[in-house]
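> quick check, what structure comes out for this input:
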Amino acid sequence: MQKTWFSLFLLSAWLFSASWLAAQAESSFPGMGTVTGSQVNIRARPGTSFENLGSFNQGTRLMVVSRLEDWYEVRLPETVHGWVTADTLDENNVVQKEPCRLHAGPGLVFSAFAKAGKGVKLEVLEVLENWRRVKVPPEATAWVNAAYVALDQPAEPTATAAAEQPAAEAAKWAAEKARQEAELAKAKAEADRIAALAKAEAERAAQGKHAAAEAETKRQAAELQAKMQAEAAAKAKEAAKEAEAKRIEAERLAREQADAAAKAVQAANAAEIVKAAEEKRLAAELKAKEDAIAAAKEAEELRLAAEKKLKEEETKAVEAAKAAEAARLAAEQKVKEEKAKAAEAAKAAEAARLAAEKKAKEEEAKAIAIAKAAEEARLAAEQKAKEEETRRLAAEQKLKEEAEKAEAKAKEAEAARLAAEEARRAAEQKAKEEEARLKAAAKEAEERRLAAEQKIKEEEAKAAAAVKAAEEAATRRAAAEAARLEQEKKARAEAEAAELKAKEEAAKAKEEEERLAKEAAARSKAVGEPGLPKMAQHSGRVISLQRNATPEATHVLCEVTNRGPVPICYLRSQHLDLNQWEGADVIVTGRDVKPPAWRLPLIHVLGIQKTQ
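Model (predicted):
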C-alpha cells in the first residue's frame, strides 16, 4: 500500500514538474549577460548565506543558464575551484565514480554546487588528506545575484524576417502542442501502469492477501487517473484556448509586420510576403483548430472511459469490502512492523548523520588548528623579521657612528698633517731665508776681507815704496810673506781638521748641552733657580783679545767694515779651541750669558763653522 501511495506521489510530482518545465520553455535562457557591479560574488547556491566561490569584475561577459527568483545560474570561469573526494578519481585524475560532486570546501559540510561526469579528467591543484582541489569543468555552474547582471536584449526583427514570424509562431505552437500531447501520453501510460499494478494487487487481495488495502489503492488510483485525465482535458482545452489567443496575436503581428514590410520593400515583394504570411497563418490556424478539437475529443473519451471504469471498480470494491475488513487488521499489524523498521532505519540514519557531523566538526577543528598554527607561524615570522630589522638598523647606526668618528679622526689627522706640513714649509722657508742671510753676510764679509787685503796691499805698497831703500826690511818682508804663506797653508789644513773636530766637538757639546740643560732643569726645579740662558747665533770674524783676555772671555767676534772691525759679542768655550779660528769668518752658536754691566753679549760657544 505504501509503495502504491509512493508511486502516486511520484506521478503527481512528475506532472507538476512537467507543467513547470512547460512554463519555463518560453524563457530566454540560456543567454549572454554583462556584470554591472564592481565585485559580484559567486555563490555555491542561490542565497547570500552560501559559500563565496569567487567574484566577477564589472563588465565581465558571462553565460546565464537559468533563473531562480532573484538569482541567475551562470557558467563558471577557470579561476573558480572546487573540492572532490579522492575516491572519485583514479590515478590519472579521471572521474571513475559517480556522483562526483564539487564542494565549496574540503568537507561534506560545505555546499555541493556542481558535478563532474564519469570519464572527465580534472586538473588537481592541491591535496588535503582525502580531498582534492580541482579546476571546475566547463559545464559547471553556480549562482550570482540577478540585480548585478544585465541580460542581452534580443535583436529587433528586420523587415525581411518580419514576414516569417507568423509561420515560426505557428510552428512553435505546433511543437508545444505535440509536447503537451506527449506529456499526456506519458501521463496516460503511467496511469495505466499504476492501474495495472493496482489491479494485480487487487487480485492478490481477492485471494486473501491485503484485499482491503489493495482495493482502496485501486479505487484511489482510478480516482487519480480520472482526475489526471480530467486535468489533461482541461489543460488541452486551455492549450487550445491559448493557441487560439496566440493565433489571433500571431495574426495581428503578421498584419502589422506585413504593413511594415510593405512600407520597407517594393510593392510586388511585399504582396508576395503578405500572401505567403496569410497562407501560413490560415494553415496554422486550421491546424491549431484541428489539434484542439482532436485533443478535446480525446480528453472527453478518456474522461468517459475513466468514469465507466471507476464505476466498475467501485462495484468490485463494495464486493471486496467484507474481505478487506478482515485483512485490515493484518495490514495494520504489517504497518506497525514497517513503522518499527522505519524507526530503526531512521535511528541508524540519525546515528550516521551524527557521525558525519562529528567527522565534519573534527575536520573543521583540524582545519581551524592548521589555520591557527599557520597564523602563529606567520606572526612569529613577522616578529622575527621585525627583530632582524631592528638589529640591522642598530648595526647600520653603529657603523654610521663609527664611520663618522673615523671620518672626524681622519679630518683631524689631515688637519694635523697639513699643519705639520705648513710648519715644515715655514721652517724650510725660514732656513732658506737664514741661509740666504748667512750667504749674504759671508759675501759681505768676504768683500770686506778683500777690501782689507786690498788696503793692506796698498799700505804694503806704500810701505815698500817708503822702505824701498831698506833691502833688509824687504828681505824680512819676503821671508815673512813666505812664512805667512806656509803658515796660511798649514792654517788651512789645520782649519779643515779643526772644522771636522769642531763638528765632532759641536755634537759632543750639543749632547753635553742637552745633558746640562736636563741637569739645570732638574736643579732649577729642585732649588727654584732660573734655567739656562737662551740660545743665540752670530756671524763675523774671530779676533783674539790677547793681553785683554780674561777667564770669562778670550776672543771677540767682529763685523769687518770699511772703517775697520766692529765688535759684536765676546766669546768663550770650554770644549772648543777658539785659537784655531782666529782671523776666520765664522758662524758661532751658543748660550747668551751677558754678564751684568757688560756692554756686549757673552756667548758660551757650543758650535762654530766657517761661512761660505
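> any idea which helix is longest in this structure?
When secondary structure is assigned using DSSP state H, the longest helix within the chain turns out to be helix 321-466.
> report all helices and strands that that one contacts.
Applying 3 or more CB pairs under 8 Å, 6 or more residues apart in numbering; DSSP states H and E, one finds that helix 321-466 makes contact with helix 165-206, helix 211-264, helix 471-527, strand 535-544, strand 555-561, strand 585-592. Glycine gets a C-beta too; all of them are placed from N, C-alpha and C.
> any idea whether the spatially closest residue to Tyr148 that is not a sequence neighbour is helix, strand or coil?
Of all residues not flanking Tyr148 in the chain, Gly37 sits nearest, at 3.5 Å (CB to CB, 6 or more residues apart in numbering). Using DSSP: H, G, I helix; E, B strand; the rest coil, the three-state assignment for Gly37 comes out as coil.
> quick one: contacts for Gly37?
With contact set as CB atoms under 8 Å, 6 or more residues apart in numbering, Gly37 has these partners: 56, 58, 145, 147-148.
> pull out the buried members of those residues.
Judged by neighbour count, with 16 or more other CB atoms under 10 Å as the criterion, the buried members of those are 56, 145, 148.
> let me know the closest of those to Glu313.
Nearest to Glu313 out of the buried ones among the contacts of Gly37 is Asn145 (CB to CB; 52.7 Å).
> for the closest one, give its distance to Thr79.
Distance of Asn145 to Thr79, computed by CB to CB, to the nearest Å: 19 Å.
> mind putting the buried ones among the contacts of Gly37 in JSON lines, pLDDT, secondary structure and distance to Gln397 included?
Supplementary listing: the buried ones among the contacts of Gly37 in JSON lines, determined by pLDDT from 0 to 100; DSSP: H, G, I helix; E, B strand; the rest coil; distance: CB to CB, whole Å:
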{"residue": "Phe56", "pLDDT": "94", "secondary structure": "strand", "distance to Gln397": "51"}
{"residue": "Asn145", "pLDDT": "95", "secondary structure": "strand", "distance to Gln397": "56"}
{"residue": "Tyr148", "pLDDT": "94", "secondary structure": "helix", "distance to Gln397": "54"}
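> ok, back up a step: the longest helix of the chain versus strand 555-561: what angle between them?
Taking axes from the mean of the first three to the mean of the last three CA atoms, to 10 degrees, helix 321-466 and strand 555-561 form an angle of 80 degrees between their directions.
> by mean pLDDT, flag the weakest helix or strand of this protein.
Sorting the helices and strands of the chain by mean pLDDT, DSSP states H and E puts helix 159-162 at the bottom, at a mean of 39.
> worst average pLDDT in the helices and strands packed on helix 321-466?
Within those, the least confident segment by mean pLDDT turns out to be helix 165-206, at a mean of 62.
> returning to that earlier point: just put the contacts of Gly37 in a markdown table and tack on distance to Arg392.
Rendered in a markdown table, the data for the contacts of Gly37 read as follows (distance: CB to CB, whole Å):
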| residue | distance to Arg392 |
| --- | --- |
| Phe56 | 44 |
| Gln58 | 44 |
| Asn145 | 50 |
| Ala147 | 52 |
| Tyr148 | 48 |
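> okay, and for the stretch 1-150 of the chain, where does confidence drop off?
When the per-residue scores of the stretch 1-150 of the chain are filtered using pLDDT under 70, the ranges that remain are 1-28.
> what about the strands in it?
Listed in chain order, the strands of the stretch 1-150 of the chain (DSSP state E, counting those that start in this stretch) span residues 31-35, 39-43, 52-57, 61-68, 71-75, 81-85, 100-103, 112-116, 124-128, 131-135, 141-145, 149-151.
> okay, now the sheet partners of the fifth one, with direction.
So that's strand 71-75. In its sheet, strand 71-75 lies beside strand 61-68 (antiparallel), strand 141-145 (antiparallel), with partners assigned from DSSP bridges.
> what's the last one in contact with?
Among residues not part of strand 141-145, those counted as contacts by CB under 8 Å, 6+ apart are 35, 37, 40-47, 50, 53, 56, 62, 65, 68, 70-76, 80, 113-114.
> show me which of those residues are buried.
When neighbours are counted using 16+ other CB under 10 Å, the contacts of strand 141-145 contain these buried positions: 35, 37, 40-46, 50, 53, 56, 62, 71-76, 80, 113-114.
> quick one, phi/psi of the residue nearest to Leu128 when sequence neighbours are not counted?
Among residues not flanking Leu128 along the chain, Pro106 sits closest, at 4.9 Å (CB to CB, 6+ apart). Note on Pro106: backbone dihedrals following degrees, to the nearest 10 are phi -80, psi 70.
> could you measure Pro106 against Val134, distance?
In this structure, Pro106 lies at 11 Å from Val134, with CB to CB as the measure.
> again with Ala491
123 Å.
> those two - which one has more neighbours?
Looking at Ala491 and Val134 with other CB atoms under 10 Å, you find the greater number of neighbours at Val134, namely 22 against 16.
> what sits against that one?
Shown in contact with Val134 (CB under 8 Å, 6+ apart): 81-84, 93, 102, 122-125.
> who's it bridged to?
Note on Val134: beta-bridge partners by DSSP bridges are Gly82, Val124.
> please report how far it lies from Met63.
According to CB to CB, Val134 and Met63 sit 21 Å apart.
> swap in Asn562?
Taking CB to CB as the criterion, Asn562 is separated from Met63 by 130 Å.
> looking at the two now, which is surrounded by more residues?
Met63 (15 against 9).
> surely the more buried one touches Arg75?
Yes - with contact defined as CB atoms under 8 Å, Met63 counts as touching Arg75 (4.2 Å).
> quote the end-to-end distance of stretch 66-77.
17 Å (CA to CA, to the nearest Å).
> start the count at 49 instead of 1 going forward.
Sure, I'll start numbering at 49, so the last one becomes stretch 114-125.
> and the contacts of it?
Surrounding stretch 114-125, the residues in contact under the criterion CB under 8 Å, 6+ apart are 72, 75, 77-78, 81, 90-91, 94-95, 101-102, 104, 110-113, 162, 184, 186-195, 197.
> stretch 128-136 now?
Counting by CB under 8 Å, 6+ apart, residues outside stretch 128-136 touching it are 90, 101-102, 143-146, 148-155, 158, 161-162, 164, 170, 173, 176, 178-184, 188, 190.
> if we use 7 Å, what do you get?
Among residues not part of stretch 128-136, those counted as contacts by CB atoms under 7 Å, 6 or more residues apart in numbering are 90, 101-102, 143-145, 148, 150-151, 153-154, 162, 173, 178-184.
> that'll do, ta.
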